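>>> Here is a sequence together with a model predicted from it:
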Amino acid sequence: MNRLARTALVATALCLPLLPLAAQHADHAAHQAADPIAAAIAAPSRTPANVARDQYRHPADTLAFFGVTPTQTVVEYSPSGGWYSEILAPLLRDHGRFYALQPSGRYLDGYKTFLAAKPTVYDKVTLVAHPDEAATIPAGSVDTVLTFRNVHNMVMAGSEAATFKAFFAMLKPGGTLGVVDHRLPEDRDSALEKSSGYLKVSTIKRIAQEAGFEFVEASEVNANPKDTADWAKGVWTLPPGLSQKEVDRDKYLTIGESDRMTLKFRKPAA
């Protein structure tokens, strides 16, 4: 074998191990293209502390259950620190539209800071102050409204009826309202809903139905049977709040985040 042939043979042999790796990269790219929610969850712009909470918040299964797609117009009510916005913004950036409907107050300025920190990721997020600017979202223009762990705040403030009516107005006929919140067992005293951070499933169903929504279905994707929902200091006793600081910290970390209901409602079709 001459020198030229040996060189070609060595070069070919060196390239062979790279082929499976290249195929793996191609498969990974194809998977993310086929599952845009997975790609958004894997976005490098997400903060590590938020990624660590995926085990409790199950974003892939939750967004899939609510039927969110990259081409939709989506409203997230009260995104606060931006946990779900880190996923929804890249998911909707190129082919959809994302409104962040943030209540006026201390979290509004914080959310502006959150958006400004990564302008190449959040440049197409439309921030809308609620209730002052909610009417700027055109009536009947939204495919999906999402609210994560916020209805208990509405109930404690007495604003739930007006807020759900606003959701109803902005949704298209047939549009989806997706709700996740801390779950209070049905046999508990309803007075706890004003102080504990937990709500009964029946309470949220009633609020939604009084606003005109139809209940579609529930998912147990965010359930946690370890949470007994009877903490003296309410849901904030558990992570991520850990309001008791070092008192029984390991116990609460072992329990994990709260038991949560995941409910899908629909605005009736015209």
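All right, it came through fine.

>>> Buried residues in stretch 186-201, which are they?
192, 193, 196, 197, 198, 199, 200, 201 (16 or more other C-beta atoms under 10 Å). Glycine gets a C-beta too; all of them are placed from N, C-alpha and C.

>>> Which residues does that stretch contact?
Residues outside stretch 186-201 that contact it (C-beta atoms under 8 Å, 6 or more residues apart in numbering) are 151-152, 155-156, 181-185, 202-203, 218, 229-231, 234-236, 258, 261, 263.

>>> Could I get the average pLDDT for it?
Average pLDDT, stretch 186-201: 98.

>>> just to revisit the earlier point, give me the subset of the contacts of stretch 186-201 that lies in strands.
181, 182, 218, 261, 263 (DSSP state E).

>>> mind checking how far the closest residue to the first one other than its chain neighbours is from residue 158?
Setting aside the residues directly before and after it, residue 181 is nearest to residue 151 in space (C-beta to C-beta, 6 or more residues apart in numbering), at 4.8 Å. Between residue 151 and residue 158 the distance is 12 Å, computed by C-beta to C-beta, to the nearest Å.

>>> more crowded one of the two?
More crowded of residue 151 and residue 158, by other C-beta atoms under 10 Å: residue 151, with 26 against 9.

>>> pLDDT score for that one?
For residue 151, pLDDT reads 98.

>>> So it sits against residue 206, correct?
No - using C-beta atoms under 8 Å, residue 151 is not in contact with residue 206; the gap is 11.3 Å.

>>> which residues do the two both contact?
With C-beta under 8 Å, 6+ apart, residue 151 and residue 206 have no common neighbours.

>>> Share the number of residues neighbouring the nearest residue in space to residue 180 that is not next to it in sequence, please.
Nearest non-adjacent residue to residue 180, counting by C-beta to C-beta, 6+ apart: residue 148, 4.7 Å away. For residue 148, the count of nearby residues is 22 (other C-beta under 10 Å).

>>> all strands for the stretch 1-150 of the chain, in order.
Assigned strands in the stretch 1-150 of the chain, in chain order: 73-77, 97-103, 125-130, 142-148 (criterion: DSSP state E, counting those that start in this stretch).

>>> mind listing what the second one pairs with, with the direction of each?
The strands that strand 97-103 pairs with in its sheet are strand 73-77 (parallel), strand 125-130 (parallel) (by DSSP bridges).

>>> Can you dump the C-alpha atoms of the last one in CSV for me?
Coordinates of the C-alpha atoms in strand 125-130 are reproduced here as CSV (Å, rounded to 0.1, in the frame of the first residue of the first chain):
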residue,chain,number,x,y,z
VAL,A,125,-43.0,39.9,25.2
THR,A,126,-45.8,42.4,25.6
LEU,A,127,-46.1,43.6,29.2
VAL,A,128,-49.6,44.7,30.2
ALA,A,129,-50.4,46.1,33.6
HIS,A,130,-53.6,44.7,35.2
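
>>> Which residues belonging to that strand are considered buried?
Here strand 125-130 shows 125, 127, 128, 129, 130 as buried, counting by 16+ other C-beta under 10 Å.

>>> Equivalent analysis for stretch 129-137, please.
Neighbour-count burial for stretch 129-137 [16+ other C-beta under 10 Å]: 129, 130, 134, 137.

>>> same question, stretch 249-268
In stretch 249-268, counting by 16+ other C-beta under 10 Å, buried: 252, 255, 257-267.
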